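*Asks:* fold the following, please.
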Amino acid sequence: MAEEFPGGTDVLDVVGIGFGPSNLALAIALAEHNAAVPEADRVSAQFYEKQAAFGWHRGMLLDDTTMQVSHLKDLVTLRNPTSRFTFLAYLHDRGRLADFINHKIIFPSRVEFHDYLEWAAAAFQKEVAYGTEAVDVRPVEQNGEVGHFEVTAHSGALPSKPFVQRARNVVVACGLRPHLPGGATLSDRIWHTGELLDRLGRLPSPRPRSFTVVGAGQSGAEAVAHLHHAFPGADVHAVFSGYGYSPADDSSFVNRVFDPGAVDLFHGAPEDVKRMMLDRHRSTNYSVVDLDLIDELYRRVYQEKVRGHERLHVHGLTRLVEARTTGDSVRVTVEFLATGERRQLDTDVLVHATGYRPADPREVLPGLAPHLLTDEHDRVRVRRDYRVETGLRGPAAVYLQGATEHSHGLGSSLLSNTAVRAGEIGRAITGGGSRDAGPRKGAHA
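*Replies:* Below you'll find the predicted structure:
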């Protein structure tokens, strides 16, 4: 039986599931709304985050890696450039604004941007319950209408004692889940890049003398570069099915696909046009690498050939067939696609740089799953203001941040539209207006 959480008898305006950049941006938008309206119009909110503290892709906070989006695409600037939570305000608070300007860059390091996110999240300690996981959301129906939901959650300290919090609106932002090839499992010697730094920090002696990285995207190339530099006595094998690493298309015109206005165009486009846009511009984000990093890896390979001592081995047109742990190593079987020839690599550590996939809302919200409406491809239907379509009547609403590429385009799971998306959801919740007349606070939808 779920127990009532202290204060759980109150019906909050918003419960946020997950507290990464997306719901952090929403928390800021709601806080700025509350600061601008009378007390009677303020919104009450609580966020649940299963991590013990704020963290965003900590496993890939590698030295010398930079963001792939401008610092102006922070948590707020595209929505409210006068906010106290801009990246520039963070730099000023840290005493580095002049230094950053002199640096003449628009892409901060990943470590610095993570520090910015932690700096912003620190302002919402009271609104966030860390170490707490929301496990279900169920509608509460009265007189044929759903006025609020019951969100069931449990604390990591007391997993056997779940509690219930009521809320008129639920915003789901559970982020992305590591993706593994079919049949692959993780172990002490088989990792995903999402845990790379943590795993490296716990390596037993002796130091590995061989790594194999599977994957042709940015995280794969970064992992290869990092391991090659950090372990100067080790061989590093890069395995991917393409002929070589492909550069990301970050040209000015194509980058418009991540503009806020592109979301309007995508959401209203016919299904065949949506599919064409996704296929045509996948090279902006999927299985692509920054050109500077490609050139650096090629330089290393070439210089090693010049010196006659090769440690960095690039296996293009090659796929992973099998990985078996044998004692203190992993026996990796790979196949050269051009000829079908197979060979074995005995490696100390195998790293899957195979990306992430969004969580299916039906898995995150099992109690709501029977009520979620789907399209002809069995994908959850999502309105322009990110409200999930259900068969329920009443003002209560569920909003989705992430897992909306099919409905909102390539930028749906990326930082590019985080600020604007959070503002649109906030306006829909508070009654500030939205493009498709989303529900107002306490109003019938």
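*Asks:* and the lengthiest strand in the chain, what does it pack against?
*Replies:* Scanning the chain for the longest strand, with DSSP state E as the assignment, gives strand 158-172. In terms of contacts (3 or more C-beta pairs under 8 Å, 6 or more residues apart in numbering; DSSP states H and E), strand 158-172 is packed against strand 3-4, strand 11-17, strand 132-142, strand 145-155, strand 397-400. C-betas here are computed from N, CA, C, even on glycine.
*Asks:* and the ones you listed: which comes nearest Ser412?
*Replies:* Ser412 sits nearest to strand 397-400 of all those, at 9.1 Å, using C-beta to C-beta.
*Asks:* so after the closest one, what's the next helix or strand?
*Replies:* helix 405-408 (DSSP states H and E).
*Asks:* from the contact counts, what lies against the helix or strand just after that following helix?
*Replies:* Scanning forward in sequence from helix 405-408 by DSSP H and E, the next helix or strand is helix 418-430. Under the contact criterion of 3+ C-beta pairs under 8 Å, 6+ apart, helix 418-430 touches helix 21-36, helix 260-268, strand 397-400.
*Asks:* okay, helix 418-430 in CSV with CA atoms only?
*Replies:* The C-alpha coordinates for helix 418-430 follow below in CSV (Å, rounded to 0.1, in the frame of the first residue of the first chain):
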residue,chain,number,x,y,z
THR,A,418,14.9,23.3,-24.3
ALA,A,419,14.2,26.9,-23.3
VAL,A,420,11.4,27.5,-25.7
ARG,A,421,9.8,24.1,-25.1
ALA,A,422,9.8,24.7,-21.3
GLY,A,423,8.2,28.1,-21.9
GLU,A,424,5.4,26.6,-24.1
ILE,A,425,4.6,23.9,-21.5
GLY,A,426,4.6,26.5,-18.8
ARG,A,427,2.2,28.8,-20.7
ALA,A,428,-0.1,25.9,-21.4
ILE,A,429,-0.2,25.0,-17.6
THR,A,430,-0.6,28.6,-16.4
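*Asks:* what does that helix rub up against?
*Replies:* Helix 418-430 is contacted from outside by 13-14, 21-23, 25-26, 28-30, 33, 41, 43, 73-80, 169, 171, 260, 263, 385-387, 397, 399, 401, 432-435, 438-441, using C-beta atoms under 8 Å, 6 or more residues apart in numbering.
*Asks:* among those, which ones are buried?
*Replies:* For the contacts of helix 418-430, a burial check counting by 16 or more other C-beta atoms under 10 Å picks out 13-14, 21-23, 25-26, 28-30, 33, 43, 73-80, 169, 171, 260, 263, 385-387, 397, 399, 401, 432, 434, 438-441.
*Asks:* per-residue pLDDT, the residue lying closest to Leu78 once chain neighbours are set aside?
*Replies:* Residue nearest to Leu78 in three dimensions, not counting chain neighbours: Ala419, with 4.5 Å by C-beta to C-beta, 6 or more residues apart in numbering. For Ala419, the pLDDT comes out at 97.
*Asks:* any idea how far Ala419 is from His71?
*Replies:* 12 Å (C-beta to C-beta, to the nearest Å).
*Asks:* neighbour-wise, which of the two wins?
*Replies:* Ala419 (27 against 20; other C-beta atoms under 10 Å).
*Asks:* about what we covered before: if we go by neighbour counts, what in the next helix or strand after the longest strand of the chain is buried?
*Replies:* Next helix or strand after strand 158-172 toward the C-terminus (DSSP H and E): strand 176-178. Judged by neighbour count (16+ other C-beta under 10 Å), strand 176-178 contains these buried residues: Leu176, Pro178.
*Asks:* what does stretch 303-311 give?
*Replies:* Neighbour-count burial for stretch 303-311, counted by 16+ other C-beta under 10 Å, picks out Arg311.
*Asks:* what do you get for stretch 80-100?
*Replies:* Buried residues in stretch 80-100 (16+ other C-beta under 10 Å): Asn80, Ser83, Phe85, Thr86, Phe87, Leu88, Ala89, Tyr90, Leu91, Phe100.
*Asks:* can you check stretch 128-142 too?
*Replies:* Neighbour count says stretch 128-142 has Val128, Ala129, Tyr130, Thr132, Glu133, Ala134, Val135, Asp136, Val137, Arg138, Pro139 buried, by 16+ other C-beta under 10 Å.
*Asks:* averaged pLDDT, it. What do you get?
*Replies:* On average, stretch 128-142 scores 95.
*Asks:* that older thread, please identify which of the buried residues of stretch 80-100 is nearest to Ser287.
*Replies:* Within these, the smallest distance to Ser287 is 28.1 Å, found for Phe87 (C-beta to C-beta).
*Asks:* could you measure the closest one against Val69, distance?
*Replies:* On the measure of C-beta to C-beta, Phe87 and Val69 end up 11 Å apart.
*Asks:* ok, Pro366 to Ala225 distance?
*Replies:* Relative to Ala225, and taking C-beta to C-beta, Pro366 is found at 41 Å.
*Asks:* tell me which of these two has more neighbours.
*Replies:* The neighbour count for Pro366 versus Ala225, taken as other C-beta under 10 Å, is higher for Ala225 (22 against 12).
*Asks:* pLDDT at the residue in the chain sticking out farthest from the centre, what is it?
*Replies:* Most distant from the centre of the chain: Gly308, at 41.2 Å, with distances by C-alpha atoms, centre = their mean. Listed pLDDT for Gly308 reads 97.
*Asks:* what's it sitting at in phi/psi?
*Replies:* phi 80, psi 20 (degrees, to the nearest 10).
*Asks:* which ones are touching it?
*Replies:* Applying C-beta under 8 Å, 6+ apart, no residues contact Gly308.
*Asks:* where does pLDDT dip in this structure?
*Replies:* Scanning the chain with the threshold set as pLDDT under 70 gives 1-9, 433-445.
*Asks:* at 80 what do you get?
*Replies:* For the chain, the stretches with pLDDT under 80 are 1-9, 156-160, 205, 413, 432-445.
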